[in-house]
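give me a model of this one.
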Amino acid sequence: MFDLKRQPTHPGEILKEDFLIPLGLTQVELASKLKTTFRTINEILNAKRAVSPDMAIRLARFFCTSPELWLNLQNEYDLYNANKKQRELLKKIVPFSRPKKMAG
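Residues are numbered from 1 along each chain as shown. All right, here's what the predicted structure looks like:
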């Protein structure tokens, strides 16, 4: 996962490009169908808000997908960014290794 050369796509971009545009849905329509606000949908589409478990369930229900799809997309995006942000700190953490047992 951390070997990726580019940042994973935010789920909001996938929502927009693979669902809203092809289906001809507006943000207002989607917000209404999902029983949420325009602001919530707009912030997800503009990568200013993460897809929460609650929103993943709503999206899955509406688009006949799975909540895991949306959560996995968000998780991949978040992990990549966290790793990138903490890269220097992570270099200082030595992986655990058990001491070798003495022969005898």
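
in this protein, where is pLDDT below threshold?
1-4, 103-104 (pLDDT under 70).

cutoff 80 now
Within the chain, the ranges that satisfy pLDDT under 80 run 1-5, 101-104.

which residue lies nearest the spatial centre of it?
Centroid check for the chain by CA atoms, centre = their mean gives Gln74 as the closest residue, at 0.8 Å.

name the element that residue belongs to?
helix 67-85 (DSSP states H and E).

what are the buried residues along that helix?
Going by neighbour count (16 or more other CB atoms under 10 Å), the buried part of helix 67-85 is Pro67, Leu69, Trp70, Leu71, Leu73, Gln74, Asn75, Glu76, Tyr77, Tyr80. The C-beta positions use only the backbone N, C-alpha and C, and glycine is treated the same way.

the third one: what's it in contact with?
Meaning Trp70. Applying CB atoms under 8 Å, 6 or more residues apart in numbering to Trp70 gives the contacts Pro11, Val51, Met55, Ala56, Leu59, Ala60.

quick check: chain neighbours aside, which residue is closest to it?
Ala56 (3.8 Å; CB to CB, 6 or more residues apart in numbering).

distance-wise, check that neighbour relative to Arg6.
According to CB to CB, to the nearest Å, Ala56 and Arg6 sit 23 Å apart.

more crowded one of these two?
Taking neighbours as other CB atoms under 10 Å, Ala56 and Arg6 compare with Ala56 leading, 22 against 6.

got the contact list for the helix or strand where that one lies?
Per DSSP H and E, Ala56 falls inside helix 53-63. Applying CB under 8 Å, 6+ apart, the external contacts of helix 53-63 come out as 15, 19, 30, 33-36, 40, 44, 51, 65-71, 74.

go with 10 Å
Contact with helix 53-63 is made by 11, 15, 18-19, 23, 25, 30, 33-36, 40-41, 44, 49-52, 65-74, as judged by CB atoms under 10 Å, 6 or more residues apart in numbering.

kind regards, and thank you for your time.
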